[in-house]
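# Turn this into a structure:
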Amino acid sequence: RTKGDTFRFLASTDQTHVSVNGSVVATLNKGQFFEQIISTASQITADQPILVAQYSNGQTFDGASADPFMMVVTPAAQYLASYTVTTPATGFSPNYVNIVAPTTGIGSIKLDGTVIAANLFSAIGSTGFSGAQVPLTVGSHTLTGSVPFGTIVYGFASFDGYGYAGGFSLS
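Numbers count the residues shown, from 1 in each chain. Reported below is the predicted structural model:
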């Protein structure tokens, strides 16, 4: 997306300080939320638990062919080392998986048994994590790695869109 996505940060306790790339963007009380458009790979942190939702804005926002949709962003503590994900069978092109992984794991993450090229990953500031946007063909796909990593699967169509977290650990 050329103008970024809207991110919503929802606090679970009073006096929660939310930061984006090291700068405090909001101090929230229980049940309050703050929204911000983010257009680059960023680190989101808080000193208390928060829920982070990512909204892909609609077609009129930036001219991209899509409808709005919301995804819950998985915290790094809940990443897994393998996922099975799928795209809709028809109607959506393009489809993608965004991967966020410890930089040390680059080179070990595979899509359908093939290593994802390291040059697809970009460092996310000085966080020790890197991210990649990988195109997906229609159908089911398996992602595996030597370290836990996060996945978001999404796709676009004319005035339509979908997105979801590929999975997460509840342990």
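
# Show me the contact partners of stretch 106-126.
Under the criterion CB atoms under 8 Å, 6 or more residues apart in numbering, residues 21-22, 41-43, 97, 99-101, 103, 129-134, 141-147, 149 lie in contact with stretch 106-126. For every residue, glycine as well, the C-beta is placed using N, CA and C.

# Going through those, which ones are buried?
21, 41-42, 97, 99-101, 103, 129-132, 134, 141, 143-145, 149 (16 or more other CB atoms under 10 Å).

# circling back: in strands, which of the contacts of stretch 106-126 appear?
Here DSSP state E is the test, and the contacts of stretch 106-126 give 97, 99-101, 129-134, 141-147, 149 as lying in strands.

# Nearest to the spatial middle of this protein, which residue is it?
By CA atoms, centre = their mean, the chain has its centre lying nearest to residue 152, at 4.8 Å.

# and the helix or strand bottoming out on mean pLDDT in the chain, what does it pack onto?
The weakest-scoring helix or strand in the chain, judged by mean pLDDT, DSSP states H and E, is helix 59-62 (a mean of 81). Judged by 3 or more CB pairs under 8 Å, 6 or more residues apart in numbering; DSSP states H and E, helix 59-62 has no packing partners among the helices and strands.

# how distant is that helix from the center of its chain?
20 Å (CA atoms, centre = their mean, to the nearest Å).

# and if you look at stretch 23-36?
Distance, stretch centre to chain centre, for stretch 23-36: 19 Å (CA atoms, centre = their mean).

# what do you get for stretch 47-57?
So, by CA atoms, centre = their mean, the centroid of stretch 47-57 is 10 Å from its chain's centroid.

# Flag every buried residue along that stretch.
So, applying 16+ other CB under 10 Å, buried residues of stretch 47-57: 50, 52, 53, 54, 55, 56, 57.

# again with stretch 58-72
Quick answer for stretch 58-72 (16+ other CB under 10 Å): 59, 61, 66, 68, 69, 71.

# is it true that the third one touches residue 160?
Yes: with contacts counted by CB atoms under 8 Å, residue 66 reaches residue 160, the gap being 7.0 Å.
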